[in-house]
Structures are given as structure tokens and as C-alpha cells.
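Q: Structure, please.
(chains A and B)
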There are 2 protein chains.
Amino acid sequence: MQRAGVDRAKQMIADGIKEKLDFKNLGIDTSRTFRVVDFGCSVGNNTLSAVENIIEAAKYKHQLAQLENPLPLEFQIFFNDVTSNDFNTLFKLLPTLPKYFAAAVPGSFYGRLFPRSSIHCAHSSYAMHWLSKIPKEIVDSKSPAWNKGKIHCSGHVKEVVDAYSGQFRNDMETFLNARAQEIVGGGLMAMVIPGFSEGVNIFETGYGAFHDIFSSCLNDMAKLGLLEQEQVDSFNLAVYHPYVKEVEETIKKNDYFSMERIEEFCNPLSLMKPSVKVLVSSSRAVTGELLKKHFGNDAVVDQIYEHLALKLEEKYCIFDEAKHHSDIFILLKRRF
Amino acid sequence: MQRAGVDRAKQMIADGIKEKLDFKNLGIDTSRTFRVVDFGCSVGNNTLSAVENIIEAAKYKHQLAQLENPLPLEFQIFFNDVTSNDFNTLFKLLPTLPKYFAAAVPGSFYGRLFPRSSIHCAHSSYAMHWLSKIPKEIVDSKSPAWNKGKIHCSGHVKEVVDAYSGQFRNDMETFLNARAQEIVGGGLMAMVIPGFSEGVNIFETGYGAFHDIFSSCLNDMAKLGLLEQEQVDSFNLAVYHPYVKEVEETIKKNDYFSMERIEEFCNPLSLMKPSVKVLVSSSRAVTGELLKKHFGNDAVVDQIYEHLALKLEEKYCIFDEAKHHSDIFILLKRRF
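A: Presented below is the predicted three-dimensional model:
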């Protein structure tokens, strides 16, 4: 899923750099080092291809800039993700004859990670839908936003949507304020966030339908005594897929960045209807560890995915009519 | 062993920074970021304590410098080691409320790892005795430097010493030339290298005696048919502990650095006589993986260490008369 989105976004990012990056005002002449960060890099070939795309575009633009005394640029690339990310494996994927100096920076991107004004180009793809935490109302049985019976923001209950959306906006604001300190004036930030088109209800989409089925699967297992109902009620994903408007409003409130481009685009893969097997295995890759941590052991997680597969087979026709989600591409420039 | 040396060196490093670091000419005022690298950081608490010592000394000196408009410094600390180092574990040791921005840089320090003029202070402790490779004469049965029957530079054969020493000098030159590009004019580099005092033969020391016993243990096992003689002959450690003079001459040949201090010091732990158990377990921590890679499996490695323990018990009195090794502390400044 991410790969197809990254490929589509790559062209937009390359175009953005070529159009909007102004080397004459970037203060790069003296240090000759162009610093790039990938926030939420994960581990895989997407990681490397995204930053290599940025390097190519920056090199092209640097040559075009026709600077006096144009010394060759050196690139320092920082790969960021949470501390539990497998950086050892990422390091083994790095090219043996590197075109850039690579470094890894562990930690949540909802806080400061780099010195002041040290980054020229930031990138984040398919990472910012992970919230910093689950909004507390969601798991509070006394709150109207209690998300009983669901593991995600399904779009059925206004209070739940408001809680998730509020958390997303807060997190994005925190992210932008941290980055504002780290990115130099004139520096660019490109983001891709999975989201939904205006007017589409989350539960009408394949994403929503899948997680509604997942939720009901856990509830069935609780009724059968295979899981504790209380544990099912307290399991929620710290994930929110925003609408373009929410992203736009949050960015416009921020004084540090100008919005150079914001655009919804259709991830080619979201038009395909994945098989039950693919649905289950890709869900397990993302949520398997979270389930294991919450429910305590691998055996239970195996059971959950077996039940899920059966239930998906049964309800598979739902996906025929499901609306698809959109990805949101955003290009920001740090104001001087 | 390293910990005691690091503690002893810490004071020398702190003193070196306080005496020799000149913030007025370091070009740090505008970026306000002080960048430190630990080359060959490994994984452990020594790693963090070494860089924290540098940060404290730099902060102290920065305050003393009484700069006009002295904005608080921000620190970016790079932890470098080979790609196979366990950075995932290192990241888990980082303080939760960091006083610095941490990053990891994988790769051999015998090549470029950082952009030009981007580092203000470099540090390397107990890492540079690891050579970039085993000198090829050492494993060439037609060469007078063929190190038959030994796994290390024991000091018995002049040609073997020359080959190891030559490799050390080449590697150190390569190291200094790479660092010369990365460290800013006026920047400091502190190194601690395990070595030997002038006039001491390697085989007279505890270090030498231990590795002579280790060598004879492998040869015994080959005679018993437990290992292939050819495999024993081709196993060598890419390690060389230099004499101060060798380090001094190599540095003086380099135009980019001025020698601010070079000093032999006695690592307090080298005065102690470790038990056989400690000798075996610390050797296994360092060479276990190399033996496994060379001889093919864990069972053989277990056997080797069992034989080694017996042989050490038998010859333990050798250590009573052994001379001890020295550590070498070096402080360099990048010329402008």
C-alpha cells in the first residue's frame, strides 16, 4: 500500500523541490551540507527510495541555481522513527557505496529531535496518522466519547470522531512547532498522510469496514469467553485518518510554515480489492505486536486472526460497495 | 577494563577541552550547535558516560568564554560503530529526558562518515586497536611474516610485528585524513588506545601471555583432530596495541592536526590479576563471534573455551611475572 503511494508522491515531492527550493537563500553555501530527515521512516526499501528521490531533486535544483563557486553538495540523511523501530535491519539495507552520510535518530517526532535550524528538507510518509496517544475520553466509560465495542474511529459517533480529530490536530500542531525550530528558513517539508475525502464517512470505506469487522470479531470472542470484555473495550488503535480540511486548518493556524501545496490523491492500490489473506497478513504486520502487548500472548493473537479471517470471508461482499480512502500530499515551506 | 580506563581518561579529556577549546574561533556562534562524535562507541554505559563528560566540559568552557550574546548551546551527539553493532540496544540506554540530540552513524571509521567541517569534538576510546583488516603477509605461508601458530602479534617475530605495525600506521593515517575533513578548524579529538610501554615486549605482558596460551590451545586442538590445522593457521585477530612512539610518529606526519597532548597512563585494572573465569568470559565477549564465524559453529567455540580455561589454570603462574600494558591518551586539534 505504502509503496504505491510513495511512488505517486515521489513525483510530487521532486516537483515541489524543483519549483520551491531556493538555494540562494538557504544558507547552504558555506557548509555545503544539505540535511534531510525522514520522520517515521520504518524499515524497508520505501525508506531509502523516498530519500534518494529527494537527493536527486535537490542535486538537480542545485545545479540549476548557477551559484557563484558552486561546490558540490554533501548530503546528510537522518532516518527517524520510534526507539523500538529495528534500526539494525535498516542499517543493513543502506547502500555499500553511499551517495550520502546516513544517520539514525530514535524518538517520537512529537518532540524535538534535532538542533535548531539544522534541517533543509523534511519528509514524512504514512506516519502522521499514528497519534501520540489514544485520547483519554475514548477509554473512559463515563464519557460520551467512550468508544465501547470499537477499536478505531469508525465515524459512527460524533463524540468519538471529535476526540480522535482533536488529538490529531493537537499532535499535528506539536509536530509543526517542533519542526519549525529544526528546519532552516526557506527549508521544505513534504508529507503524505492517509485520509478521507470530504463527505465520505469512515464506516463507508474499505478501511472503516475492515476495522468494524475487526471490532466485532473481538466482541464475539469476548462473548464466547475467549477474551475479557473489559480488555476488548480498552483496546483502541492510536490512529486517525484525517480529512483534507482538518489538515489544512491546522497548518493555516501555524505561523511558521507557508502552505505551498495540498492535494488529495488516490493511492492506486486503494482501488484494488485485496484478498482476505492479504488483509489479514497486512493487518497483522501493523497491529500484531499491539494486540500481543494488550492481550498478553501469541496464542491469543493467533486465535484473533483466525476468527478475523473467517469473519472477513463471511462479510467479504461489503468491500464491493466500499468507498476508497485518499492520501493527502502536503508541501510546506519554513518562513524566514 | 574499559570502564577504569574511561574514568581515568575522562579527567584528561575534560581538562583538554577546558584548556584547548576556543569557542571564539570555532564558528559555533551562528549555529549554536556543538557536534560530538564517539568513534567506535560499542554498546554500554561507558558509551554514554564518555560523551556526557565531553558535554559537561564544553558547557563549562562555553560559559567561561564570555561571548557576546552567548545563546545556550545545543548538543548533537553521534554514536558511531560498525554496522553490525547493536544500535537497537544502545538506543534503549539513551536517557529519557535527553540533554542532547542523539544520532547513530553506522560504518567503519576508516572511511568518511560525516559531511565536511561538521564536527566540533571527536572521541574514540578502546577502538583504534582494531585494524581495518589483517595484513595479508600474516596469512601468507610464503611470506617471512607468516604468523603460523599464533592468533595475534606476539612480538616474537620481527616480520610479524612489522606487518601489524605497518597496518596500524596505515589505518591511523586513513583515520586522521578522514577526520581532518569532518572536524572544523579548532575542533578537538581525544583518543585512548591500548598500547605498550617502550622496551616492553608484547609476549612479556599479561595480554601477550594470554594470547600465546590461546594460540597454543588452538594448536593443541588441531593436533587432537578437533580443529583443522589450516583453519587454525588462518585465524588471526585484526588487533594491534601500539607503542607511544608509533602513534606519535604517525600523528606528526599528518599536517591537519596539531598534537596537544600525548601521554601513557596506567589503566588501574591492568594492575589486577583477573581470575581464569573473568579472562575466559571477557575474551569470549570480544572474540567469541569471530571464532564462531571462522570455525563455523557454537559447539566448537564452547570446546575452545573449555580447553582454554584448563590451559589457563595450568599456566596461571605466568601472570604473576607478566608486565602490564599501558593506555595511550592523545589530544589533537584540527589546524585552521
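Q: burial count for the residue in the stretch 151-300 of chain A positioned nearest to chain B?
A: For the stretch 151-300 of chain A, the residue closest to chain B is residue A:182, as judged by Cβ to the nearest Cβ, at 9.3 Å. Using the backbone N, CA and C atoms, a C-beta is placed for each residue, glycine as well. Neighbour count for residue A:182, taken as other Cβ atoms under 10 Å in any protein chain shown: 21.
Q: hang on, isn't residue A:276 packed against residue A:311?
A: No. Contact criterion Cβ atoms under 8 Å: residue A:276 and residue A:311 do not qualify, at 9.4 Å.
Q: residues contacting the residue of the stretch 51-200 of chain A found nearest chain B?
A: As assessed by Cβ to the nearest Cβ, chain B sits closest to residue A:115 within the stretch 51-200 of chain A, at 3.8 Å. Residues counted as contacts of residue A:115 (Cβ atoms under 8 Å, 6 or more residues apart in numbering or on different chains) are A:182, B:31, B:32, B:33, B:74, B:75, B:76, B:101.
Q: Going by neighbour count, list what's buried in the longest strand along chain A.
A: Longest strand of chain A, by residue count under DSSP state E: strand A:183-195. Buried residues in strand A:183-195, counting neighbours by 16 or more other Cβ atoms under 10 Å in any protein chain shown, are found at A:183, A:184, A:186, A:187, A:188, A:189, A:190, A:191, A:192, A:193, A:194, A:195.
Q: for that strand, packing partners?
A: The contact analysis (3 or more Cβ pairs under 8 Å, 6 or more residues apart in numbering or on different chains; DSSP states H and E) places strand A:183-195 against helix A:2-20, strand A:119-125, helix A:244-252, strand A:257-265, strand A:326-334.
Q: so where's the stretch 151-300 of chain A uncertain?
A: A:269 (pLDDT under 70).
Q: Write out the residues of the stretch 101-250 of chain A neighbouring chain B.
A: Selection of the stretch 101-250 of chain A residues close to chain B by Cβ under 8 Å from any Cβ of the partner chain yields A:101-107, A:112-118.
Q: how about the helices and strands packed on strand A:183-195, which one is nearest residue B:300?
A: Closest to residue B:300 of the helices and strands packed on strand A:183-195, according to Cβ to Cβ: helix A:2-20, at 43.1 Å.
Q: one step back: need the winner for burial among the helices and strands packed on strand A:183-195.
A: strand A:119-125 (a mean of 25; mean count of other Cβ atoms under 10 Å in any protein chain shown).
Q: and the angle from that strand to helix A:2-20?
A: If you take axes from the mean of the first three to the mean of the last three Cα atoms, to 10 degrees, strand A:119-125 sits at 150 degrees to helix A:2-20.
Q: Dump strand A:119-125 to PDB, restricted to CA.
A: Output of strand A:119-125 as PDB, limited to C-alpha atoms (Å, rounded to 0.1, in the frame of the first residue of the first chain):
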ATOM      1  CA  ILE A 119      17.500  20.700   8.500                       C
ATOM      2  CA  HIS A 120      17.000  21.700   4.900                       C
ATOM      3  CA  CYS A 121      14.300  19.200   3.800                       C
ATOM      4  CA  ALA A 122      12.000  17.100   5.900                       C
ATOM      5  CA  HIS A 123       9.800  14.200   4.700                       C
ATOM      6  CA  SER A 124       7.200  12.100   6.300                       C
ATOM      7  CA  SER A 125       5.100   9.500   4.600                       C
END
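Q: and that strand, what's its mean pLDDT?
A: Mean per-residue pLDDT for strand A:119-125: 95.
Q: Can you give the distance from that strand to the centre of its chain?
A: In terms of Cα atoms, centre = their mean, to the nearest Å, the centre of strand A:119-125 is set 13 Å apart from its chain centre.
Q: Stretch A:190-198 now?
A: That offset, for stretch A:190-198, works out to 9 Å (Cα atoms, centre = their mean).
Q: So which residues of the stretch 1-150 of chain A form strands?
A: Secondary structure of the stretch 1-150 of chain A by DSSP state E, counting those that start in this stretch: the strands cover A:33-39, A:74-81, A:101-106, A:119-125.
Q: tell me the contacts of residue A:335?
A: Going by Cβ under 8 Å, 6+ apart, residue A:335 touches A:185, A:255, A:256, A:257, A:258.
Q: Run through the bridge partners of the fourth one.
A: Residues in a beta bridge with residue A:257, per DSSP bridges, are residue A:334.
Q: Surely it and residue A:251 touch.
A: Yes. The criterion here is Cβ under 8 Å, and residue A:257 meets it with residue A:251 at 6.5 Å.
Q: Helices of chain A, start to end?
A: Ranges of helices within chain A are A:2-20, A:45-64, A:87-93, A:158-182, A:206-223, A:229-233, A:244-252, A:276-295, A:298-314, A:318-321, based on DSSP state H.
Q: do you know which of those helices lies nearest residue B:21?
A: With Cβ to Cβ, the closest approach to residue B:21 among the helices of chain A belongs to helix A:158-182: 25.5 Å.
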